[in-house]
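>>> Sequence first, then the predicted structure:
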Amino acid sequence: MLGVLPGIIGTMQATEAIKLICGIGEPLIGRLLHFDALRMKFREFKLRRDPLCPVCGDHPTITDLIDYEQFCGVAQPAKQDVPTVSVQELKATMDQGGDFLLLDVREPHEYEIARIEGAKLVPLGELPNRLD
């Protein structure tokens, strides 16, 4: 995948959204635009409306936003209760000399840029395996 491809496609999607919102131009309704970045070619396909479509058909059954993770059968990771505090709460606790362990979940290169004295570095990706 070319690194610039998401930018190109994102720009085209934004253009389509603006056209729809403003009611101007000719949006891609009923058409599919195919972009071949390696050959710098566009192809357009006409799409027919499916009268049985559960979203836009004659008798839609999906009329509200849905939980896509549940809809697609994506398993939810086990919820871990990791306490968090605001900056103000942390400052007040530190000023009072409270007894606590402060975890910095940034990556090591971010930790090197700026850190809070006494914080223990545990990168976020490692946190579930190191909660003990």
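Here it is on my side, so go on.

>>> This structure: strands as residue ranges?
Under the criterion DSSP state E, the chain contains strands at 31-36, 41-46, 103-104, 120-121.

>>> thought residue 111 was touching residue 124?
No: between residue 111 and residue 124 there is no contact under CB atoms under 8 Å: 11.5 Å. In short, each C-beta sits where N, CA and C put it, glycine included.

>>> could I have the lowest-mean-pLDDT helix or strand in the chain exported to PDB, CA atoms only?
Of all helical and strand segments in the chain, the minimum by mean pLDDT, DSSP states H and E falls on helix 68-71, at a mean of 75. What follows is helix 68-71, C-alpha atoms only, in PDB (Å, rounded to 0.1, in the frame of the first residue of the first chain):
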ATOM      1  CA  TYR A  68     -20.300  -2.600  14.600                       C
ATOM      2  CA  GLU A  69     -18.100  -4.700  16.800                       C
ATOM      3  CA  GLN A  70     -21.100  -6.700  18.000                       C
ATOM      4  CA  PHE A  71     -22.500  -6.800  14.500                       C
END
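
>>> Which residues belonging to it are considered buried?
Residues of helix 68-71 classed as buried by neighbour count (16 or more other CB atoms under 10 Å): none.

>>> Can you show me the helices along the chain?
For the chain, the helices defined by DSSP state H cover 5-22, 68-71, 87-95, 108-113.

>>> Now render these as JSON lines, adding distance to residue 36.
Converted to JSON lines, the helices of the chain look like this (distance: least, CB to CB, whole Å):
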{"stretch": "helix 5-22", "distance to residue 36": "11"}
{"stretch": "helix 68-71", "distance to residue 36": "28"}
{"stretch": "helix 87-95", "distance to residue 36": "49"}
{"stretch": "helix 108-113", "distance to residue 36": "37"}
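
>>> Worst mean pLDDT among these?
When these are ranked by mean pLDDT, helix 68-71 comes last with a mean of 75.

>>> chain center to that one: distance?
14 Å (CA atoms, centre = their mean, to the nearest Å).

>>> Please apply the same query to stretch 26-43.
With CA atoms, centre = their mean, you get 24 Å for stretch 26-43.
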